[in-house]
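Colleague: Fold the stuff below for me.
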Amino acid sequence: MRTAVVILNYNTKEYLRKFLPGLIASCEGMDAQVIVADNASTDGSAALMKEEFPDVPYMQFDKNYGFTGGYNRALHGLEAEFYVLINSDIEVPQGWLSPLVDWMDSHPDCGACGPKLVSYNDRTSFEYAGAAGGYVDRYGYPFCRGRILQKLEKDNGQYNTPINVLWCSGACLMVRSHVWNILGGLDDRFFAHMEEIDLCWRMQLAGWKVTNVPASEVYHIGGGTLPNESPVKLRLNFRNNLLLLENNLPATFSASKTLFPRFRARRRIFVRMCLDGLSAIVYFFRGKDDFAKAVLQGHKEYRQLRSPGPIPENAKLPEGIYKGWIVPKGLF
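Modeller: All right, here's what the predicted structure looks like:
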């Protein structure tokens, strides 16, 4: 098995039934194997796998370890040259996998790559989760080629050229297994959301490239586990955004030869926390008290989870960091 294509499932039985057959068929002849790992689903996913997909390797965990813990356990000790992390709510066409493998083969300095994500419900539009490759702005707000905040572009072929980016979506992400293992996989503290941005950023700091390969295209529904209008998702996003910055800003400032990189990082994070506070106030005055509380709870959990590590020596300057503030462009 050269490529392990791993779905991490949590209560998405119907997506498995709908999309798994096509994924299996697309991997035939590719020296690739589809594997399903399950975060203790309670919707009958285990019975479905046993009855309808008995030949697909299936691992079942004792509880929901989240995206991070689930994939860290699923990929631990898995012998393959490439890992593909793929959501259960993705439809793949024939031929989606080979451009990713070909890119990794021809670019040995690339640690991870991803396809173009198109909306399953509107094949003319990009999909929110990753579109055509992602960036972050100076305060850590993620955005993509094809998506800024809630604004989605139509896919008119404007991003059909491969390009190095800061991150590719964990909805469908190919990673070299030895790079995954060197970096220790995903940061367990994230649980879910923005963990792939953290992994890709750390990867670049270690000297690896991250590339969007639009010759590969998949169709993503999105919101399969948590809906977009979920206070839980909001809390995780605000919390993890701060963890993301703490993990990577000091080394990024160091790579750019900035004096006092840890101080600069802390100052940048403080500004971001103030901007988050303004968001909480806006939510409050819009009558979304649960959203405002989610922001504050996210900050509380960040303070509980933060654990600054040493700044790595000889960190490489990553690509894909926008020097401005992207939010005004997404609002107006």
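Colleague: Need phi/psi at residue 93.
Modeller: Taking degrees, to the nearest 10, you get phi -90, psi 170 for the backbone angles of residue 93.
Colleague: Strands along the stretch 101-250 of the chain, start to end?
Modeller: 110-119, 134-136, 142-144, 147-148, 151-152, 163-164, 172-176, 209-220 (DSSP state E, counting those that start in this stretch).
Colleague: Run the angle between the last one and strand 172-176 for me.
Modeller: Taking axes from the mean of the first three to the mean of the last three CA atoms, to 10 degrees, one finds that strand 209-220 is oriented at 150 degrees with respect to strand 172-176.
Colleague: low-confidence ranges in the chain?
Modeller: Filtered on pLDDT under 70, the chain yields the residue ranges 223-228.
Colleague: mind listing the helices for it?
Modeller: 13-26, 45-52, 66-75, 98-106, 177-183, 195-205, 231-255, 261-285, 289-305, 327-331 (DSSP state H).
Colleague: And the ones you listed: which comes nearest residue 164?
Modeller: helix 195-205 (8.8 Å; CB to CB). Heads up, the C-betas are built off the backbone N, CA and C, glycines and all.
Colleague: Can I get that closest one in PDB? Just the C-alpha atoms.
Modeller: The C-alpha trace of helix 195-205 is given here as PDB (Å, rounded to 0.1, in the frame of the first residue of the first chain):
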ATOM      1  CA  GLU A 195      -5.600  21.700  13.100                       C
ATOM      2  CA  GLU A 196      -4.600  21.300   9.500                       C
ATOM      3  CA  ILE A 197      -3.600  24.900   9.200                       C
ATOM      4  CA  ASP A 198      -1.400  24.400  12.200                       C
ATOM      5  CA  LEU A 199       0.100  21.200  10.700                       C
ATOM      6  CA  CYS A 200       0.800  22.900   7.400                       C
ATOM      7  CA  TRP A 201       2.300  26.000   9.000                       C
ATOM      8  CA  ARG A 202       4.600  23.800  11.200                       C
ATOM      9  CA  MET A 203       5.500  21.900   8.100                       C
ATOM     10  CA  GLN A 204       6.600  25.000   6.300                       C
ATOM     11  CA  LEU A 205       8.600  26.200   9.300                       C
END
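Colleague: what helices or strands is that helix leaning on?
Modeller: Judged by 3 or more CB pairs under 8 Å, 6 or more residues apart in numbering; DSSP states H and E, helix 195-205 is in contact with strand 110-119, strand 134-136, helix 177-183, strand 209-220, helix 231-255.
Colleague: just checking, residue 142 touches residue 134?
Modeller: Yes: shown here, residue 142 and residue 134 form a contact pair, counting by CB atoms under 8 Å, at 5.7 Å.
Colleague: what is in contact with the two at once?
Modeller: 167, 197 (CB atoms under 8 Å, 6 or more residues apart in numbering).
Colleague: More neighbours: which of these two?
Modeller: More neighbours surround residue 134 than the other of residue 142 and residue 134, with 25 against 21 (other CB atoms under 10 Å).
Colleague: Find the residue closest to residue 186 in space, skipping its chain neighbours.
Modeller: residue 68 (4.0 Å; CB to CB, 6 or more residues apart in numbering).
Colleague: who's in contact with the one you found?
Modeller: 185-192, 195.
Colleague: now the residues you listed: which count as buried?
Modeller: 185-187, 189-192, 195 (16 or more other CB atoms under 10 Å).
Colleague: mind putting the residues you listed in JSON lines, distance to residue 241 included?
Modeller: Listed next are the buried ones among the contacts of residue 68 as JSON lines, based on distance: CB to CB, whole Å:
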{"residue": "185", "distance to residue 241": "20"}
{"residue": "186", "distance to residue 241": "16"}
{"residue": "187", "distance to residue 241": "13"}
{"residue": "189", "distance to residue 241": "13"}
{"residue": "190", "distance to residue 241": "10"}
{"residue": "191", "distance to residue 241": "13"}
{"residue": "192", "distance to residue 241": "13"}
{"residue": "195", "distance to residue 241": "11"}
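Colleague: Could you point out which of those is nearest to residue 42?
Modeller: Distance to residue 42 across the buried ones among the contacts of residue 68 (CB to CB) is lowest for residue 192, with 17.5 Å.
Colleague: How many residues are close by residue 246?
Modeller: Residues contacting residue 246 under the criterion other CB under 10 Å number 21.
Colleague: Next one: it from residue 309, what distance?
Modeller: For residue 246, the distance to residue 309 equals 9 Å [CB to CB, to the nearest Å].
Colleague: now swap in residue 213 and tell me
Modeller: According to CB to CB, residue 213 and residue 309 sit 31 Å apart.
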